[in-house]
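Sequence first, predicted model second:
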Amino acid sequence: MLVAAAVCPCPPLLVPEVAAGAASELDAARTACVDALGVLAAARPDLLVVVGVAEPAGEGPHPTGATGSFEGFGVDLSVRLGTLPGDSLPAGRRLPVPLAVGAWLLERAGWADAPVEGLGVGERLPADGCALAGKELAARADRVALLVMGDGSACRTVKAPGYLDERAVDFDTAVTRALGEADLAALGSLDASLAYTLKAAGRAPWQVLAGAAEGAGLGGQLLYADAPYGVGYTVASWS
């Protein structure tokens with residue numbers, strides 16, 4: 001059963017080594033993410049699953065100890081999704097970037113409260129598929145927590161990655177409200193086609209969260225909402 005969730009943005013720029021001279025611009029977002037992880041730790045989960053979008057090669061489960069890297073962003077920095085006994089490494093794929101950012105957040109927070117796994121979700125996975133994946137995650141243990149990595153629209157300004165789209169503000173406003181209030185119906189009804197057009201990488205992970213939270217009776221708290229670089233970033237905690 002889902003007992004807690006943290007919702008965080010997933011830009012590689014959240015990692016100071018990647019952001020370099022611009023690192024301070026996301027200090028408030030990093031602080032909010034650490035606060036959200038504190039809520040997860042307080043819930044004393046038996047299992048924590050990091051959820052984020054993935055390319056086809058990275059879809060599906062990623063085991064404890066899976067590794068990721070930020071080499072593609074010019075930084076010699078690797079991360080691991082939790083640890084295995086004896087510090088061994090599992091065989092398997094590298095973590096998709098959103099899961100690598102999640103692993104970095106957990107390392108930064110010194111997470112040692114429960115085993116950690118990952119789930120890469122296809123960006124175009126339909127809402128019902130996301131809900132089913134969430135329900136399956138919630139059934140994995142008596143006390144499950146999720147770290148849900150996802151960005152809002154990338155079309156808030158003319159300098160944004162997706163240029164300016166007038167629909168982006170309304171989309172992000174609705175998402176921020178739904179995440180802050182743990183509104184499962186609103187998250188479940190997000191328009192997948194519009195989200196894809198607006199380059200909102202969080203749509204599928206948020207709908208996985210909505211499926212996992214069904215029947216759990218969790219409440220939400222908004223910790224951060226802004227759109228630096230023209231991309232919608234939201235941090236929220238559910239407990």
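Done, it's in. Numbers count the residues shown, from 1 in each chain.

quick one: secondary structure of the nearest residue to Ala57 once chain neighbours are set aside?
Distance criterion C-beta to C-beta, 6 or more residues apart in numbering; nearest residue to Ala57, sequence neighbours excluded, is Arg93 at 6.7 Å. (C-beta placed from N, C-alpha, C; glycine too.) Under the three-state scheme (DSSP: H, G, I helix; E, B strand; the rest coil), Arg93 adopts coil.

name the helices or strands packed onto the longest helix along the chain?
In the chain, with assignment by DSSP state H, the single longest helix is helix 27-42. When contacts are defined as 3 or more C-beta pairs under 8 Å, 6 or more residues apart in numbering; DSSP states H and E, helix 27-42 sits against strand 2-8, helix 97-109, strand 144-149, strand 220-226, strand 233-238.

ok, now which ones touch the residue nearest to Ala57?
Neighbour list for Arg93: 57-58, 62, 66 [criterion: C-beta atoms under 8 Å, 6 or more residues apart in numbering].

Apply 7 Å and report the result again.
Counting by C-beta atoms under 7 Å, 6 or more residues apart in numbering, Arg93 touches 57-58, 62.

tell me which of those residues is nearest to Tyr163?
Of all those, Gly58 has the smallest distance to Tyr163: 26.6 Å, by C-beta to C-beta.

circling back: out of the helices and strands packed on helix 27-42, which comes closest to Val34?
Short answer: helix 97-109, nearest of the helices and strands packed on helix 27-42 by C-beta to C-beta, at 5.4 Å.

angle of that closest one against strand 2-8?
Computed by axes from the mean of the first three to the mean of the last three C-alpha atoms, to 10 degrees, the angle separating helix 97-109 from strand 2-8 equals 100 degrees.
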